[in-house]
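Asks: Next input, structure requested:
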Amino acid sequence: MVRQLLIRGVTLLEAPGQPPRRADVLLEEGVLAAIDPDPAAVSGLPCATADGGGYWLGPALVDPHSVLEEPLQGRAETLASLGEVAAAGGYGTVALLPWSPTWRDRPERLGWSWPAPQQLLVWGSFSLDGLDRELAPHAEQLAAGACGLAAGRTLPPIDLLERGLRLAEMGDRPVLLPPRDGSLAQRGFVRERVEALRAGWPLDPPGSETFPLEALLALAGDLPALNLRLMNISTAEAVARLRRQTLPPMASVSWWHLVADSGVLDPADDGWLLEPALGGPADRRALIEALADGVIGAVAVHHMALDAEEELLPLDQRRPGVAGHGLVLPLLWQELVVRQGWRAEQLWQALCWGPARFLGLPQPKLAPGTRQWLLFDPGHAWSWADAASGSLAANRPCRERQLQGRVIATGLTDPAGWVLAAGPPC
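Replies: Residues are numbered from 1 along each chain as shown. All right, here's what the predicted structure looks like:
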């Protein structure tokens, strides 16, 4: 049995601010054992080589917020299945929102974890039971290990929000709030743009995002010590408003808003029903530019799994959301690196280092001894039908498409499942 793998000439993404470089790396049973190893280190154990030309080796990705409703008995996703699909997609860290039938708003409901090397974080809840009527016990949740506090799908009432923020029990921990007013959304599920008007979809006006955003920016100005995080910016108007702000709060964007819009999706495609609503081509361009400029600091998977029964319901009876940790890196590589001309390190900033800062974590680095790494082949062709992703979710987009680019190995999974051909012995 081969216990060591020497990958020659792979391109490394080692840390933020460091340019990519080519190197040989030695893997030992899933651990990054050495970078440019001494020949003496590659001896004594069964060893094989692989050509790393065209491959990228970087730190595992970070998802700043996703949803898992029923960790143990879920029909759409469980703790185990989410961990499996996240690892296969190269995600070493995932932070769960408190959204659940049993709302995660008190210490005894926050004790979820994954086996090492994956890291599962849990956001505490801003309000009790997610009802936006009373404050949840902020200090107790944070003391129990919550990575920060998060609201529900819409912005809490301003009086409750201001009271909770001025109590300041969160200290320097992040507070994740959605700039979304459900009453202004008018039950629309596509942003009010020309493309959506032509298609006849129910419309969600931009004001459902921009009006609550103004309230949040005013609060941020009054409370400069607050580590405010904006959840899932989705409109060109919101981006323009953040650009006018001298020091805007850190903001996230859903990955699907970067690869799809109402002008490119076929009416029969998956991925129309999102919260916040799917925008038009101008929204997507503005979001991509904001991510490139640092106005938006993190890409979120915002995984929201639906089971097969719910996925069959008409759109107006189905809950919004898409699933797809395994799709994020391949589709964003094609959209941002191939089509938009981004550098690979810019993409890692959006998917790894930026989300780590968003969560208040140290920014990951490639270093010997870690299992939090992934190997990506931009040219690998595959489809969902070929991949045992582990996810139970029925609402994964692109299920019938041929995809290009794949995580072919990672220290997060068993080496027996790697899609990496080993060559001759070392």
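Asks: Burial check on residue 54, number of neighbours?
Replies: Other residues near residue 54 number 13, with proximity taken as other Cβ atoms under 10 Å. Heads up, the C-betas are built off the backbone N, CA and C, glycines and all.
Asks: Give me the distance between it and residue 237.
Replies: From residue 54 across to residue 237, the span is 40 Å (Cβ to Cβ, to the nearest Å).
Asks: With residue 106 instead?
Replies: The spacing between residue 106 and residue 237, counted by Cβ to Cβ, is 37 Å.
Asks: Let me see the contact set for residue 399.
Replies: Residues in contact with residue 399 (Cβ atoms under 8 Å, 6 or more residues apart in numbering) are 270, 384, 385.
Asks: For the closest residue to the second one other than its chain neighbours, identify the helix or strand it belongs to.
Replies: Which is residue 384. Nearest residue to residue 384 in three dimensions, chain neighbours excluded: residue 399, at 5.0 Å (Cβ to Cβ, 6 or more residues apart in numbering). Secondary structure assignment for residue 399, by DSSP states H and E: no helix or strand.
Asks: Need the pLDDT of residue 399.
Replies: pLDDT for residue 399: 82.
Asks: Strands of the stretch 301-426 of the chain, residue ranges please.
Replies: 373-382, 403-410 (DSSP state E, counting those that start in this stretch).
Asks: Out of the ones you listed, which is closest to residue 308?
Replies: Taking Cβ to Cβ, strand 403-410 is the member of the strands of the stretch 301-426 of the chain nearest to residue 308, at 21.5 Å.
Asks: Please report how far the nearest residue to residue 4 once chain neighbours are set aside lies from residue 26.
Replies: Nearest residue to residue 4 in three dimensions, chain neighbours excluded: residue 47, at 3.9 Å (Cβ to Cβ, 6+ apart). As judged by Cβ to Cβ, residue 47 and residue 26 stand 8 Å apart.
Asks: can you check residue 398 too?
Replies: 35 Å.
Asks: Residue 260 now?
Replies: Residue 260 is 40 Å from residue 26, by Cβ to Cβ.
Asks: start to end distance for stretch 216-230?
Replies: 9 Å (Cα to Cα, to the nearest Å).
Asks: What residues of that stretch count as buried?
Replies: Buried residues in stretch 216-230, counted by 16 or more other Cβ atoms under 10 Å: 216, 217, 219, 220, 226, 227, 228, 229, 230.
Asks: from what I can see residue 223 touches residue 165, true?
Replies: Yes: between residue 223 and residue 165 there is a contact at 5.7 Å, judged by Cβ atoms under 8 Å.
Asks: Go through the buried residues of stretch 216-230 and flag which are in strands.
Replies: 228, 229, 230 (DSSP state E).
Asks: Now distance to residue 63 and pLDDT too, for those, in a markdown table please.
Replies: Shown next, in a markdown table, are those (distance: Cβ to Cβ, whole Å; pLDDT from 0 to 100):
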| residue | distance to residue 63 | pLDDT |
| --- | --- | --- |
| 228 | 20 | 98 |
| 229 | 14 | 98 |
| 230 | 16 | 98 |
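Asks: what does the helix or strand bottoming out on mean pLDDT in the chain rub up against?
Replies: Lowest by mean pLDDT, DSSP states H and E among the helices and strands of the chain is helix 194-199, with a mean of 73. Applying Cβ under 8 Å, 6+ apart, the contact partners of helix 194-199 are 190, 203, 261, 262, 263, 267, 280, 281.
Asks: ok, the residue nearest to residue 4 - contacts?
Replies: With Cβ under 8 Å, 6+ apart, residue 47 has these contacts: 2, 3, 4, 5, 6, 425, 426.
Asks: now those in TSV, with distance to residue 212?
Replies: Below are the contacts of residue 47 laid out as TSV (distance: Cβ to Cβ, whole Å):
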residue	distance to residue 212
2	55
3	54
4	54
5	50
6	53
425	61
426	58
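Asks: what about burial for the residues you listed, which qualify?
Replies: Buried subset of the contacts of residue 47 (neighbour count, 16+ other Cβ under 10 Å): 4, 5, 6, 426.
Asks: follow-up on the earlier one: what comes into contact with the helix or strand just after the least confident helix or strand of the chain?
Replies: Counting by DSSP H and E, the next helix or strand C-terminal to helix 194-199 is strand 203-204. Contact partners of strand 203-204, identified using Cβ under 8 Å, 6+ apart, comprise 185, 186, 188, 189, 190, 191, 192, 196, 197, 276, 277.
Asks: still on that earlier bit, I'd like to know which of the ones in strands among the buried residues of stretch 216-230 is nearest to residue 36.
Replies: Closest to residue 36, out of all of these and judged by Cβ to Cβ, is residue 229, at 37.9 Å.
Asks: ok, the closest one to residue 135 distance?
Replies: 18 Å.
Asks: surely residue 350 meets residue 298?
Replies: Yes: with contact defined as Cβ under 8 Å, residue 350 counts as touching residue 298 (7.0 Å).
Asks: which residues does the nearest residue in space to residue 28 that is not next to it in sequence contact?
Replies: Nearest non-adjacent residue to residue 28, counting by Cβ to Cβ, 6+ apart: residue 4, 5.1 Å away. For residue 4, the contacting residues are 26, 27, 28, 33, 42, 45, 46, 47, 48, 426, by Cβ under 8 Å, 6+ apart.
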